[in-house]
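Participant: Here's a sequence, model it:
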Amino acid sequence: MRAPPRARPPGARAAAAATGRNPIGVTVPCHRSVGADGSLTGYAGGLAVKRALLALDGQAGYGQVIGLEATDMAIVRAKQHGVCVMALANAHHLCRIGQWAELAVAQGLVSISFVNVISRPIVAPYGGADARFGTNPCTIGIPLAGQPPFILDMATSGVAQGKVRVAYNKGEKVPPGLLLDDRGNPTTDARYGVVEPFGALTAFGLHKGYGLALMVDVLSGVLPGAATGLQVYGDERRPDVGHFFLALDPAAFRPLDEFKRDMDRLARELKDTPKANGQPRIYVAGEKSFAKMAKYRTEGIPLGAKVVENLKQIGEELRVPWPGP
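Facilitator: A predicted model of the protein is given here:
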C-alpha cells in the first residue's frame, strides 16, 4: 500500500502553484508526459472548486500523475468538509483504481471510485452481440482498525481483460459464460479477447452487471464531460477517460471508534461463517490481494514466459538490455 499523501493545508497545492485563471476556476501545475517520439505532451489543467465539489480537466495528461493529483485534492477536502465528490475528465489511462482507494483509507476515509477505462470497446451490453464499452471498473475502500482495509476493486465485466490475456498467453480456456466470439456466440477461446477478429466480454451478473457498468459510464463519463461508450477510444491519439471519486470521513457521521468497532465486528462475523465444503477460509474484499502483495514483496513477482518474451522484445526496440538470465 502506498504511503499516505503528504499533509498540507486544504487547497494549498492548487492555490500556491496556480499558473493562471480561467472562467471556471484556477489552473493546477503542469505535469507533462513523454510520447513515443520523445515529445512532451499533456498537462493537468482547468478545474472548478466549490467547497466539497471538484470538477477537474486532466488536459490529456498522464493518468497516474493526474489521478494522484486529483485524488490528493479530494482527500484534503474530504478531511476538511467530511465529504468530497470529485469528477475528472480528459485524462489518460488511470491504471488500477484500487490505488486511489488505498490512498483514501490510509487517511481513514471511505471511498467509491468509478472509471470508464481507455480501451477499444471490450464489453457487450446485456443481450448484445458486440462490444460497446470498456470493463468500467469500480472500487470501494473502507478502513479497518489494525488490519488491511476492505478494498473491493473489480471490473464490471465477468472477468477482467487482463485475465483473458493471461489465459491466452498460457494457452488456456476462459470459463464458460464470460466471452463472445466475433459473431456474438458464446466461446471459451481467449483469443477473441486478445487478437482480431475481436469478440466481446460479457458483464458480470447478466443484466445487473450491465446496469452497473452503464452507471459507471454515466458518473465517470457523462457527469464530468468525458468520453463515453464507443467515444472513449474514438481517437487513440487523444484519450478522454473520466473518473468519479467520492471520499467520506466516517468521523463526520458518527464517533470514529464506534465506526471501527462495528467494522471489526462485521469482519469477524463474516470470517466466522461456517465453511462450505472444500473452502479453507472466508476472505473479505481485498484480503487475498494484500496477502499476495506481501508475498511478492519478499519472493518477487512471477512472470509468465509470454510476458518475459514481450518485455525482452520491447527492451530490444528501446535498446534496454534484459536484466535477468
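Participant: tally of neighbours for Ala131?
Facilitator: As a burial measure, Ala131 scores 23 neighbours (other Cβ atoms under 10 Å). All C-beta spots, glycine's among them, are computed from the backbone N, C-alpha and C.
Participant: Ignore what I typed, I meant Lys208.
Facilitator: Neighbours of Lys208 under the rule other Cβ under 10 Å: 12.
Participant: Other residues contacting the helix or strand where it lies?
Facilitator: Here Lys208 sits within helix 207-217, counting by DSSP states H and E. Applying Cβ atoms under 8 Å, 6 or more residues apart in numbering, the external contacts of helix 207-217 come out as 114-116, 123, 125-126, 133, 136-138, 156-158, 203, 228-229, 244.
Participant: Stretch 289-308 now?
Facilitator: Stretch 289-308 is contacted by residues 1, 98, 148, 151, 153, 166, 169-170, 311 when judged by Cβ under 8 Å, 6+ apart.
Participant: Now, the residues you listed that are in helices?
Facilitator: 98, 166, 169-170, 311 (DSSP state H).
Participant: Ile75 is in contact with Val110, isn't it?
Facilitator: No - with contact defined as Cβ atoms under 8 Å, Ile75 does not count as touching Val110 (11.5 Å).
Participant: Identify the contacts common to those two.
Facilitator: Residues touching both Ile75 and Val110 by Cβ under 8 Å, 6+ apart: 104, 247.
Participant: Count the residues that sit near Asn129.
Facilitator: Not quite, residue 129 is Ala, not Asn. With other Cβ under 10 Å as criterion, Ala129 counts 14.
Participant: follow-up on the earlier one: list the ones among the contacts of helix 207-217 that fall in strands.
Facilitator: 114-116, 138, 244 (DSSP state E).
Participant: Can you tell me which of the residues you listed has the most neighbours?
Facilitator: With neighbours taken as other Cβ under 10 Å, the top of the ones in strands among the contacts of helix 207-217 is Val115, carrying 32 neighbours.
Participant: who's in contact with that residue?
Facilitator: 94, 97, 136-138, 216, 220, 241-244.
Participant: hey, where'd the strands end up in this structure?
Facilitator: In the chain, the strands defined using DSSP E lie at 21-22, 25-26, 33-34, 40-41, 47-50, 53-61, 83-91, 110-116, 138-142, 150-154, 179-180, 186-187, 200-201, 241-248.
Participant: out of those strands, nearest to Pro224?
Facilitator: strand 83-91 (3.6 Å; Cβ to Cβ).
Participant: partners of that closest one, with directions?
Facilitator: Using DSSP bridges, strand 83-91 pairs in its sheet with strand 53-61 (parallel), strand 241-248 (antiparallel).
Participant: which stretch in those strands is the model least sure about?
Facilitator: Looking over the strands paired with strand 83-91, mean pLDDT reaches its minimum on strand 53-61, with a mean of 89.
Participant: Put the alpha carbons of that strand into CSV.
Facilitator: C-alpha atoms of strand 53-61 as CSV (Å, rounded to 0.1, in the frame of the first residue of the first chain):
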residue,chain,number,x,y,z
LEU,A,53,-17.0,19.5,-5.1
LEU,A,54,-14.2,19.3,-7.6
ALA,A,55,-14.7,19.3,-11.4
LEU,A,56,-11.3,18.7,-13.0
ASP,A,57,-9.9,18.7,-16.5
GLY,A,58,-6.8,16.5,-16.9
GLN,A,59,-5.8,18.1,-20.2
ALA,A,60,-5.0,14.6,-21.6
GLY,A,61,-2.2,14.2,-19.0
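Participant: what ranges do the helices span in the stretch 201-325 of the chain?
Facilitator: For the stretch 201-325 of the chain, the helices defined by DSSP state H, counting those that start in this stretch cover 207-217, 256-271, 287-299, 305-318.
Participant: Report the inter-axis angle for the biggest helix by length in the chain versus strand 83-91.
Facilitator: Taking DSSP H as the criterion, the chain has its longest helix at helix 63-81. Put simply, helix 63-81 runs at 160 degrees to strand 83-91, going by axes from the mean of the first three to the mean of the last three Cα atoms, to 10 degrees.
Participant: please renumber so the chain begins at 51
Facilitator: In the new count, where the first residue is 51, that last one comes out as helix 113-131.
Participant: Report the rounded mean pLDDT for helix 113-131.
Facilitator: On average, helix 113-131 scores 92.
Participant: And that helix, what's buried?
Facilitator: Of all the residues in helix 113-131, those buried under the rule 16 or more other Cβ atoms under 10 Å are 113-129.
Participant: wait, what's in contact with the residue nearest to the spatial centre of the chain?
Facilitator: By Cα atoms, centre = their mean, the chain has its centre lying nearest to Ile147, at 2.2 Å. Ile147 makes contacts with 117, 163, 165, 187, 189, 203, 293, as judged by Cβ under 8 Å, 6+ apart.
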